[in-house]
Each structure stands twice: as structure tokens, then as C-alpha cells.
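Colleague: following is a predicted model, sequence given first.
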Amino acid sequence: MKIRLSAVIACIAAGVAACPALALDFPSRKPGLWEIQTQTGEATGKSAGHGGTHTVQQCIDAATDKALRDMGQGMGKDLCSKQELRTDGGKLVVDSVCKIGNTVASTHAVISGDFNSAYRMESKSTYNPPLMGRAEGTSAMEARWIGPCKADQKPGDMVMPNGMKMNVLDMMNNRPKRP
């Protein structure tokens, strides 16, 4: 089965959207329904400039937002040798070095906006050795609060681009526990 890098990045981005940039010390998002659009692209390689746009909707409350940030923090501790967060001119800047399988991903991300109505994250990553044939990749994520969660949604529900609904909290609670 062939897996597209843009699909992998979209899945990672969905997680990052839930817990921006590995959940370092970020402000909480406003409870309700967030629409998160992620555009990925490969900066180099045969498919330079190719990528895709994926939109998900996520229902959160304060507890869900915190749980997702905590999960991201745990992932970062396990996978990343470097996670630095700083502010620069009212923007959040994140630099990280993380291991994805046998590949080391070095990422620089800049986040602007607020976590009450909208925010944007732009990132550029380099992969050594190349990840799925790509030495570099870029992504831009725009998140906007669109209102209260829908009547049939509960905190943690995420509606994927194909319309499938899953609850990230349920998925987190059903994952195997580490020793």
C-alpha cells in the first residue's frame, strides 16, 4: 500500500492542530467547534510543490484541550530531543528536533493569532534521512473558532475530511498503556 507524505503530514497536523506544536506551554483554546485547515507541500524532490489541503472540525472543552496538550507533551518527551518555545514580536516560535522512525525531523514553526477566535501556524521541516523520499516539507495550518459544538458532538469529536467522525479522547483512553 502506497502512503502519500501529504496524508502522513495531514494526520500529524491534525494532532498538532489539537495540541499546537507538541503542546509546549501554549494558551488554551476557546471551548467549542474549531475548523482546522492544513495545507502541506514538499519543498524539494520530484514532487516539489505538491501536497494537499485537508480540513477537519474538532469539538473541544477545557478538559479536552488540556488532555490533548498533555498527550502532545508526552509524545514530545518520547520523540523529541529538542523542543523550544519563545515569543518574538507577539508570535510564538517553536523549534524542535524529533525522531520519526529512523528519520530525524528538524522543524521551525511560527504561530500567530490568538486561541479564542483564530490562529495560524506555518512550519518548515527537514528530514534526515529523507522521509518517504522527501528531504524537506512545509505546512500551513489555519484554525478558526466557528461556534458552539453541534448538538450531536461531544468534546473530543473530530470530523475528518472524508466525513468520518472519531473521538480523540476515546482513542487516547483505548491505547495500550506503556510499562
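Modeller: That came in fine, so what should we check first?

Colleague: which residue ranges form the helices in the protein?
Modeller: With DSSP state H, the ranges of helices along the chain come out as 5-18, 20-23, 62-79, 168-174.

Colleague: what's the average pLDDT for the second one?
Modeller: Okay, so that is helix 20-23. The average pLDDT within helix 20-23 is 41.

Colleague: next: the last one.
Modeller: Averaging pLDDT along helix 168-174 gives 85.

Colleague: report the buried residues of that helix.
Modeller: Neighbour counts over helix 168-174 (16 or more other Cβ atoms under 10 Å) mark Val168, Leu169 as buried. No exception for glycine: its C-beta is placed from N, CA and C like everyone else's.

Colleague: go ahead and confirm Gln39 touches Thr53.
Modeller: Yes - applying Cβ atoms under 8 Å, one finds Gln39 in contact with Thr53, separated by 4.6 Å.

Colleague: more neighbours: which of these two?
Modeller: Each of Gln39 and Thr53 has its neighbours counted (other Cβ atoms under 10 Å); Gln39 has more, 19 against 13.

Colleague: what residues are up against that one?
Modeller: Gly51, Gly52, Thr53, Ser139, Ala140, Met141 (Cβ atoms under 8 Å, 6 or more residues apart in numbering).

Colleague: per-residue pLDDT of it, please?
Modeller: Reading off the model, Gln39 has pLDDT 94.
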